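Chemist: What follows is a predicted protein model with its sequence.
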Amino acid sequence: MYPSRFRYEAPRSIDEAIALLQEGGGEAKVLAGGQSLIPLLKLRFAAPELLVDINNIPGLDYHRVDPDGTMRIGALCRHADLERSSILGTRSPTMAAAAPLIADPIVRNRGTLVGSLCHADPQGDWASVVTALGGSVIAQGPNGSRAIAMADFVTGPFENTLEPDEIAVEAVIPPAQGTRAGGYLKLERRVGDFATVGVAVALETSGGTVRRAGIALTGVGGSTIAAAAAAGALAGKALTAETIEQAADLAAQAANPRTDHRGSAEYKRHMVRTFVVRLLSRDLEPAERAA
Ligand SMILES: Cc1cc2nc3c(=O)[nH]c(=O)nc-3n(C[C@H](O)[C@H](O)[C@H](O)COP(=O)(O)OP(=O)(O)OC[C@H]3O[C@@H](n4cnc5c(N)ncnc54)[C@H](O)[C@@H]3O)c2cc1C
């Protein structure tokens, strides 16, 4: 199907893009990688009057770590940039694990992390990763910019808290309190598919103690789920077989899956538990693991 008619603009600055969104008065949409928006237009699930293509705005394609350890991912940083990144491996193992699991190489070449957060698909992998890492989105509008914690950014399936005249200019991951550990595991029916179940775990440890933990779930609810009680069961404690089992049980309880063509609710909940145990057990001392 062809999309409905729309006006297309490709501004060269953020201010110009914001002015266009204001002009659009709620009938305008930002176009980033287009990997979610273009299919929606073609299916006529979305019919904006104005598309504001941000791809010609210079200086948004970065991902970097500031001297204080804050990581910043610009609105035009593609999934593939993160997949090939030399800074994620040690700085953010959770992001490094997720990047190659997003869709397929064609989608990864164009799609953006920030676009994925804005799209707020319950099966979007980055929303879980950024939630587990305690990240936020920086929104810029006519009255300046504001930070929105990822946990507050997504308000429901395919809904976020951005105002119609705001652009998400970057995602921000705060500095770690200690050493970062964790990962992302995704159950998919075939390579390149959306998640049947995804689990993001982000730990910050020092002296054998978990200083901060984040656990978030993909594809097992109406939107990304922050498994706060599960993460809370780890904070301030050492990783032991017991604390891991407890966190895994609480994460499975936080999941709210539905039975569908990808599997039964019971199976998906079981996979959440299995993935949490698997991810956390990687960071156990060998002696603990054998116990
Ligand atoms: C075949 C296929 C398989 C896929 N598989 C996966 C998968 O396994 N896992 C996964 O997580 N995703 C998957 N995706 C989605 C993909 O990751 C998209 O790239 C991503 O969801 C959206 O990023 P985008 O840059 O392409 O955004 P776009 O498609 O350009 O935009 C998506 C939405 O976000 C808004 N938006 C985008 N950027 C901004 C911004 N800076 N400020 C304000 N609003 C903005 C747009 O207005 C639109 O509403 C898949 C897509 C396809 C086509």
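Modeler: Good, I have the coordinates.
Chemist: Close to the ligand: what parts of this protein are there?
Modeler: Taking CB under 6 Å from any ligand atom as the criterion, the neighbours of the ligand within the chain are 29-37, 39, 75, 102-103, 107, 111-112, 114-116, 118-119, 121, 124-126, 162, 167-168, 194. The way it works is simple: take the backbone N, C-alpha and C, and place the C-beta from them, glycine included.
Chemist: Buried ones from the residues you listed, can you make that a ChimeraX selection?
Modeler: The following ChimeraX line selects those of the residues of the chain next to the ligand that are buried, judged by 16 or more other CB atoms under 10 Å:
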select :29,30,31,32,33,34,35,36,37,75,102,103,107,111,112,114,115,116,118,119,121,124,125,126,162,167,168,194
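Chemist: Out of the residues of the chain next to the ligand, list just those in strands.
Modeler: When the residues of the chain next to the ligand are checked against strands (DSSP state E), the matches are 29, 30, 31, 167, 168.
Chemist: wait, doesn't the fourth one sit right on residue 140?
Modeler: Translated: residue 167. Yes - in this structure, residue 167 is within contact of residue 140 by CB atoms under 8 Å, at 5.4 Å.
Chemist: Overlap in contacts, those two.
Modeler: Shared contacts of residue 167 and residue 140 (CB atoms under 8 Å, 6 or more residues apart in numbering): 14, 18.
Chemist: Stretch 179-187 - what's its average pLDDT?
Modeler: The predicted model assigns stretch 179-187 a mean pLDDT of 96.
Chemist: now swap in stretch 270-288 and tell me
Modeler: Confidence for stretch 270-288, expressed as mean pLDDT, is 84.
Chemist: which sections of this protein are below the confidence cut-off?
Modeler: Within the chain, the stretches falling below the threshold (pLDDT under 70) are 283-291.
Chemist: Not counting its neighbours along the chain, what's nearest residue 231?
Modeler: Closest residue to residue 231 apart from its sequence neighbours, by CB to CB, 6 or more residues apart in numbering: residue 213 at 4.2 Å.
Chemist: Test my guess that residue 126 contacts residue 102.
Modeler: Yes - in this structure, residue 126 sits in contact with residue 102. The criterion is CB under 8 Å, and the distance is 7.2 Å.
Chemist: Are there residues contacting both of these two? Which ones?
Modeler: By the contact definition CB under 8 Å, 6+ apart, residue 126 and residue 102 are jointly contacted by residue 116.
Chemist: can I assume the residue nearest to residue 231 sits in a strand?
Modeler: Yes - if the criterion is DSSP: H, G, I helix; E, B strand; the rest coil, then residue 213 is within a strand.
Chemist: So it sits against residue 200, correct?
Modeler: No - under the criterion of CB under 8 Å, residue 213 makes no contact with residue 200, lying 11.2 Å away.
Chemist: more crowded one of these two?
Modeler: When residue 213 and residue 200 are compared for neighbours, residue 200 comes out ahead with 32 against 28, by other CB atoms under 10 Å.
Chemist: Could you look up the SS state of that one?
Modeler: Going by three-state DSSP, the state assigned to residue 200 is strand.
Chemist: That one and residue 249: what is the separation?
Modeler: If you measure residue 200 against residue 249 using CB to CB, to the nearest Å, the figure is 18 Å.
Chemist: What of residue 22?
Modeler: Distance of residue 22 to residue 249, computed by CB to CB: 49 Å.
Chemist: just residue 24 next, same as before
Modeler: From residue 24 over to residue 249 the distance is 47 Å, taken as CB to CB.
Chemist: same question, residue 78
Modeler: Counting by CB to CB, the gap from residue 78 to residue 249 is 37 Å.
Chemist: of those two, who's got more company?
Modeler: residue 78 (23 against 16).
Chemist: Can you list the residue ranges for strands in this protein?
Modeler: Using DSSP E, strands in the chain cover 7-9, 28-31, 50-53, 63-65, 71-74, 136-141, 144-149, 154-156, 159-160, 167-173, 179-187, 197-206, 209-218, 225-226.
Chemist: Could I get the contacting residues of residue 37?
Modeler: The neighbours of residue 37, taking CB under 8 Å, 6+ apart as the test, are 29, 31, 46, 115, 119.
Chemist: farthest pair in these?
Modeler: Greatest spatial distance in the contacts of residue 37: 46 and 115, 13.7 Å, computed using CB to CB.
Chemist: for the helix ranked longest in the chain, packing partners?
Modeler: Longest among the helix segments of the chain by residue count, using DSSP state H, is helix 265-281. Packing partners of helix 265-281 (3 or more CB pairs under 8 Å, 6 or more residues apart in numbering; DSSP states H and E): strand 179-187, strand 197-206, helix 241-254.
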